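1. test case, fold it:
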Amino acid sequence: GPTETDNDNIQKLLADIKTSQSKDLTVENATSYQAAYKSLLSGEAKAIVLNSVFENIIEAEYPDYASKIKKIYTKKLVKVVAAPKVSNNKAFNIYVSGIDTYGPISSVSRSDVNILMTVNRDTKKILLTTTPRDSYVPIADGGNNQKDKLTHAGIYGVDSSIHTLENLYGVDINYYVRLNFTSFLKLIDLLGGVDVYNDQDFTSLHGKFHFPVGNVHLDSEQALGFVRERYSLADGDRDRGRNQQKVIVAIIQKLTSTEALKNYDN
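-> Take a look at the predicted model:
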């Protein structure tokens, strides 16, 4: 396994095996989980350790991956993240991370939405900065500052994504918001949907929703299709980032509306 790039998780797994199975194992370093899997296929390795969030990356290269392996031991690792201190600065940054999974928000996965919200208390304005998921940047923390797609920083946890963007832009990120598909759907449902202006006609790959040009009201499933789509858009992932910003603005408008304040306790 890649003991240099994912050493913390691998060592936690080995410690758990030693405690629960009374087996003291050592792991030979591989350059990546993909390289480790290739060693398994060739017979060079009899077994490998694998961080499950890398399975999608392996499957992209080896579609039959799941049928070729047998899992003999699994361990779920949980990381507790401390709440940040409240910033007293006139301006502060919030990182919005959208991960590509359903289910518990605690799951680690690729971060396909990477938006910085810069809030200025004096001017009462918010600046949204989107960094495309496929931006080739040095990945902090578990990525050992090796260049890779920004989305893969999420594999190492939200701190890696935050530190990667802090290094990229030379700013401090004070807070973060993390959403997956499930929590995004729940949020839009609680708001009763959102209203956005759509500037190009398209049909989403996910959900097959048609979005005409003009003002459109989006329920939760439509909103998810709207923010996920990139292949049907003229400027691809950049247009997707713009649509994600539109939905964020619509959410903020709903949350700060008189109606939302009336229903604050809900």
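
2. ranges for the strands of the stretch 101-250 of the chain?
-> 111-120, 125-130, 136-139, 146-149, 175-179, 194-198, 202-203, 210-211, 214-218 (DSSP state E, counting those that start in this stretch).

3. buried residues in the fourth one, which are they?
-> If I follow you right, that is strand 146-149. residue 148 (16 or more other Cβ atoms under 10 Å). Using the backbone N, CA and C atoms, a C-beta is placed for each residue, glycine as well.

4. the helix or strand hosting residue 58 - contacts with which helices or strands?
-> Residue 58 belongs to helix 55-61 when assigned by DSSP states H and E. Counting by 3 or more Cβ pairs under 8 Å, 6 or more residues apart in numbering; DSSP states H and E, the packing neighbours recorded for helix 55-61 are helix 33-42, helix 65-68.

5. between the strands of the stretch 101-250 of the chain, which gets nearest to residue 78?
-> strand 175-179 (14.8 Å; Cβ to Cβ).

6. ok, and for that closest one, which residues are buried?
-> Buried residues in strand 175-179 (16+ other Cβ under 10 Å): 175, 176, 178, 179.

7. give me the contacts around it.
-> 84, 87, 92-99, 105, 113, 158, 162, 187 (Cβ atoms under 8 Å, 6 or more residues apart in numbering).

8. okay, angle between it and strand 111-120 too, please.
-> 140 degrees (axes from the mean of the first three to the mean of the last three Cα atoms, to 10 degrees).

9. partner strands of strand 175-179, parallel or antiparallel?
-> Its sheet considered, strand 175-179 pairs with strand 91-99 (parallel) by DSSP bridges.

10. any idea of the angle the partner strand forms with strand 125-130?
-> 40 degrees.

11. what's the distance between residue 219 and residue 100?
-> 21 Å (Cβ to Cβ, to the nearest Å).

12. err, residue 9, not the other one
-> Taken as Cβ to Cβ, the span from residue 9 to residue 100 is 20 Å.

13. more crowded one of these two?
-> residue 9 (22 against 16; other Cβ atoms under 10 Å).

14. which element is the more buried one on?
-> Residue 9 belongs to helix 7-21, assigned by DSSP H and E.

15. which residues does that helix contact?
-> In contact with helix 7-21 (Cβ under 8 Å, 6+ apart) are residues 1-3, 23-27, 49, 51, 73, 75, 77, 142.

16. and the two most separated of the residues you listed?
-> Maximum distance among those (Cβ to Cβ): 25.3 Å, for 23 and 142.

17. out of the two, which sits in the busier spot?
-> residue 142 (20 against 10).

18. is there a neighbour count for the closest residue to that one other than its chain neighbours? I'd like the number.
-> Computed as Cβ to Cβ, 6 or more residues apart in numbering, the closest residue to residue 142 that is not its neighbour in sequence is residue 156, at 3.2 Å. For residue 156, the neighbour count with other Cβ under 10 Å is 24.

19. I figured residue 156 hits residue 145, correct?
-> No: in this structure, residue 156 is not within contact of residue 145 by Cβ atoms under 8 Å, at 11.7 Å.
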